[in-house]
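Peer 1: please work out how this folds:
(one chain, ligands or ions: 1)
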Amino acid sequence: MSQNRVEIVEVGARDGLQNEPDILPAETKITLIRRAMEAGITRLEVASFVNPKRVPQMADAEEVIAGLPDVEGVTYIGLVLNERGAERALATKVHELGAVAVATDSFAIRNQGQSSNESVAAAKAIVKMAKAAGRSGQVTISAAFGCPFEGAVDSDRIVAMAAAVAEAGPREIALADTIGVGTPSQVKALIAKVRPAIGDIPLRAHFHNTRNTGLANAWAAYEAGVRVLDSSLGGLGGCPFAPKATGNIPTEDLVYMLSRSGVETGVDLDALIDGGRWLTEIMNRTLPAMVTRAGNFPHKPAADAAA
Ligand code: MG
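Peer 2: Alright, predicted model coming up:
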C-alpha cells in the first residue's frame, strides 16, 4: 500500500447498527453494505456472530451475508468472540474473521463473558481457526485507550496483549478506542509503544467520537503510520455493553479529511454522501456525519447551478 493511501474499513453494518433500538431488516443492512461498496469501499465489517439473545440486532448474520454480492477484491469481515462464533462465521462466505481481545476484565466480562486473558486466548484461537480454513483473521484490542468501568488502561497491558495475539499470526492488529476517550497524543504514544512488539503485522485503528476527538485521533494514527482505519457511514454506532459509547467516526467525514489532505482512499465522496443521505432517511433522524449535512467541497458545478 502506498505511503499516502489509507484503507477504510466500513463498520456501519455491525458496529453501527448493533446499538440501534430498532432492528433493521436484513435487506436494509445489505443495501447499506452495497451503498458503501458502490462508493468504492472494499473492506467491510458486515455482521457479528454473537449470541442473538445478547445482541438481537445481529441475529440475522447468516441471512445478511448470504445476500451479499460476490465482488472481486472485496473483503467481508465477520466479528466473532469465541470458537462457536468462529464456526458459525466459517460456515458462511465471509473472507475474514475479526476477533476481539478486551483490555480489562470488567469490560471483557460484560462484553463477551470472558476475562481479559480469556479474550486474548479466544482471539488467538479464532485467528488460527480462520487461517486453517483458508480465510484471514485479525484481532481488535478493545478499550485500548480507556475502560468504561476501570478508567485509565495501562499501555503496558496493551503492549503485552498485542504481543500475545501477534503469536497467532493475524493479518492485522487493531487498537480500538471503544468508548471514545483517547486523544491524539495518546494515540501516537500507544502506537509507538505497540509497534515494536508486533513485528511486521500492520496496525489498524478504530475510533469513536464520544468526546469529539475521533477525527483528530484518526489523523494522529495516520501520522503515526497507521494505514487502515475503521469508520461507519453516517457515524452510526455505539456499544450495548459500554455506557455512553457513541458512534464511530463517520466515514464521510473521514474520507473528506483524508482526501482533502492528499491521502488517497479510493472512495468517491459524492457517492458516499448519497449513501449517507439514504441512511439518514432510513434511520429517520439526524446522524452525526457532518459532511453529509454540509455537503462536499469544492461543490460540483452542477450542484451550484441547481442551487
Ligand atoms: Mg466500536
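
Peer 1: check the offset of the helix or strand hosting N111 from the chain's centre.
Peer 2: Counting by DSSP states H and E, the element that carries N111 is helix 105-112. Helix 105-112 sits 19 Å away from the centroid of its parent chain (CA atoms, centre = their mean, to the nearest Å).

Peer 1: residues in contact with that helix: which ones?
Peer 2: 50, 81-82, 100, 102, 114-116, 118-119, 122, 142-143, 147-150, 178, 239, 241-242 (CB atoms under 8 Å, 6 or more residues apart in numbering). From N, CA and C alone the C-beta is placed, and that goes for glycine too.

Peer 1: buried residues in that helix?
Peer 2: For helix 105-112, the neighbour count (16 or more other CB atoms under 10 Å) marks 105-112 as buried.

Peer 1: circling back: among the contacts of helix 105-112, which ones are in helices?
Peer 2: 116, 118-119, 122 (DSSP state H).

Peer 1: could you flag which of those are buried?
Peer 2: Neighbour-count burial (16+ other CB under 10 Å) applied to the ones in helices among the contacts of helix 105-112 gives 116, 118-119, 122.

Peer 1: ok, those residues vs I77, which is closest?
Peer 2: A122 (16.8 Å; CB to CB).

Peer 1: spatially nearest residue to that closest one (excluding sequence neighbours)?
Peer 2: Counting by CB to CB, 6 or more residues apart in numbering, N82 is the residue found nearest to A122 once chain neighbours are left out, at 5.3 Å.

Peer 1: related to what we said a few turns ago, nearest to V64 among the ones in helices among the contacts of helix 105-112?
Peer 2: A122 (23.2 Å).

Peer 1: which ones are touching that closest one?
Peer 2: Contacts for A122 (CB under 8 Å, 6+ apart) come out as 81-83, 99, 101, 112, 114.

Peer 1: what stretches of the chain score poorly on pLDDT?
Peer 2: 1-2, 238-240, 242, 301-307 (pLDDT under 70).

Peer 1: repeat that with 50
Peer 2: Per-residue confidence for the chain (pLDDT under 50) gives no ranges below the cut-off.

Peer 1: isn't V181 right next to R211, touching?
Peer 2: Yes. Shown here, V181 and R211 form a contact pair, counting by CB atoms under 8 Å, at 6.4 Å.

Peer 1: of these two, who's got more company?
Peer 2: V181 (21 against 15; other CB atoms under 10 Å).

Peer 1: which residue ranges of the chain form strands?
Peer 2: 7-10, 43-49, 75-80, 96-102, 136-142, 173-177, 203-207, 228-231 (DSSP state E).

Peer 1: for A36, which of the ones you listed is the nearest?
Peer 2: Closest among these, using CB to CB: strand 7-10, at 4.3 Å.

Peer 1: buried residues, that closest one. List them.
Peer 2: Buried residues in strand 7-10 (16+ other CB under 10 Å): 7-10.

Peer 1: one more: stretch 194-209?
Peer 2: Buried residues in stretch 194-209 (16+ other CB under 10 Å): 194-195, 197-198, 201-209.

Peer 1: one step back: out of the contacts of A122, who's nearest R171?
Peer 2: For the contacts of A122, the nearest to R171 is A99 (11.4 Å; CB to CB).

Peer 1: can you say which two of the contacts of A122 are spatially most distant?
Peer 2: Farthest apart among these - using CB to CB - are E83 and A101, which lie 14.4 Å from each other.

Peer 1: higher neighbour count, these two?
Peer 2: A101 (32 against 13).

Peer 1: how far away is the more buried one from T92?
Peer 2: Counting by CB to CB, to the nearest Å, the separation of A101 from T92 is 23 Å.

Peer 1: how about N82?
Peer 2: Applying CB to CB to N82 and T92 gives a distance of 16 Å.

Peer 1: please apply the same query to A174.
Peer 2: Counting by CB to CB, the gap from A174 to T92 is 21 Å.

Peer 1: for A221, same thing?
Peer 2: From A221 to T92 the distance is 30 Å (CB to CB).

Peer 1: repeat that for M290.
Peer 2: For M290, the distance to T92 - CB to CB - is 35 Å.

Peer 1: more neighbours: these two, which one.
Peer 2: T92 (19 against 13).

Peer 1: ok, the more buried one - contacts?
Peer 2: T92 touches 61-62, 65-66, 78, counting by CB under 8 Å, 6+ apart.

Peer 1: which two from those end up farthest apart in space?
Peer 2: A66 and G78, at 12.3 Å, using CB to CB across the contacts of T92.

Peer 1: which of those two has more residues huddled nearby?
Peer 2: When neighbours are counted by other CB under 10 Å, A66 and G78 differ, and G78 comes out ahead with 29 against 12.
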